[in-house]
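# quick one, fold the following:
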Amino acid sequence: MTKKDLTEPRFRRAAEDAKTAERAVHDTPQTQDPAYRLAFGDTEFLLRQELRPVRFQLELLKPEMLLEEAGIGSTLVIYGSARIPAPDKTEGMVEAARSPEEKKVAERLVAKAKYYDEARKLAQLASECGVVEDGKRQFVVCSGGGPSIMEAANRGAADVGMDSVGLNIVLPHEQAPNRYVTPHLSFQFHYFALRKMHFLLRARAVAVFPGGFGTFDEFFELLTLIQTGKMAPIPIMLFGKDFWNRVVNFEALAEEGVISPGNLDLFSFVETADEAWTKIRTFYDLPCG
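Numbers count the residues shown, from 1 in each chain. Here you go, the predicted structure:
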């Protein structure tokens, strides 16, 4: 018996039968009815409410399999707003404000534009480090795949010629991956839950930049997973202490007794990419600076 005999599949592959079904020329009431379609090729069937568990599994499996095939061992996840402008996009924002309230918002967004550069630099530092363990790349940059801080993260990796991951989500308003995401590592999700799971399955450090509800959701779920012991501690760095202390009174949560004082040690505040990368290097004893 040859090696080929041992390794060749015994059953005809599903892809082969799918092609055969497509080529079929039978035109009868039976073959034209949706019931006759192959189940795995019937989009209308797969989108039925009863098939939600199957769709969950597909959204878990597809990115997992492709990331594994790409040799991605771990990630540096970068969360943050989709509204903070890049420094070169701030011109005229304040002047375009139509009311004092809008002017204040514009001024604050312009002030936060520096974080675009910090996210980009952090991604450069992590990507340049080029850690490889067990044949897999470590600390590969991963973002939500969108604009602003997410774009900066993917852009930083692209600056130094390295791959990065983008985990997009279908939203009611049209959106697309930013142009710096590595094409074969650009994924799209329907379920927020599965997207958030993929953010953390390979995460070995998380940088959280100023952001809104989405950033809060991702950040607080991460804290909860570590607080409850569902996930091992990893470096969590909040960029912009003034912003975070203005929008969330962390100390008050401890004072009110709804979290333990020690829970405040689950994260740390940083202002620069160099600070954040030093914390990651120290935590994992990485050789690269």
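# any stretches of the stretch 151-289 of the chain with poor pLDDT?
174, 289 (pLDDT under 70).
# can you map out the helices along it?
Applying DSSP state H, counting those that start in this stretch to the stretch 151-289 of the chain gives helices spanning 192-201, 213-227, 241-247, 250-255, 273-284.
# who does the first one touch, helix- and strand-wise?
The helices and strands touching helix 192-201, judged by 3 or more CB pairs under 8 Å, 6 or more residues apart in numbering; DSSP states H and E, are helix 52-69, strand 164-169, strand 186-189, helix 213-227. For glycine as for every other residue, the C-beta is placed from the backbone atoms N, C-alpha and C.
# report the inter-axis angle for the helix or strand following the longest one versus helix 213-227.
Just to be clear, that refers to helix 52-69. Where DSSP states H and E defines the elements, the next helix or strand beyond helix 52-69 is strand 75-79. If you take axes from the mean of the first three to the mean of the last three CA atoms, to 10 degrees, strand 75-79 sits at 130 degrees to helix 213-227.
# okay, buried residues for the helix or strand following strand 75-79 please.
Following strand 75-79 in sequence order, the next helix or strand is helix 100-111 (DSSP H and E). When burial is assessed from 16 or more other CB atoms under 10 Å, helix 100-111 yields the following buried residues: 106, 109-110.
# please enumerate residues in contact with helix 100-111?
The contact list for helix 100-111, computed with CB atoms under 8 Å, 6 or more residues apart in numbering, reads 83-85, 90, 93-94, 96-97.
# mind doing that once more with 6 Å?
Helix 100-111 is contacted from outside by 90, 93-94, 97, using CB atoms under 6 Å, 6 or more residues apart in numbering.
# would you mind naming the residues that bridge with Ile169?
Judged by DSSP bridges, the bridge partners of Ile169 are Phe189.
# neighbours of it, how many?
By other CB atoms under 10 Å, 18 other residues sit near Ile169.
# returning to that earlier point: between the buried residues of helix 100-111, which is nearest Leu51?
Closest approach between those and Leu51, by CB to CB: Leu109, at 41.8 Å.
# ok, now how distant is the closest one from Gln175?
19 Å (CB to CB, to the nearest Å).
# do the same with Asn245
Counting by CB to CB, the gap from Asn245 to Gln175 is 31 Å.
# so Leu185 sits against Val165, correct?
Yes - contact criterion CB atoms under 6 Å: Leu185 and Val165 qualify, at 4.5 Å.
# the more surrounded of the two?
Ranked by neighbour count (other CB under 10 Å), Leu185 and Val165 place Val165 first, with 30 against 22.
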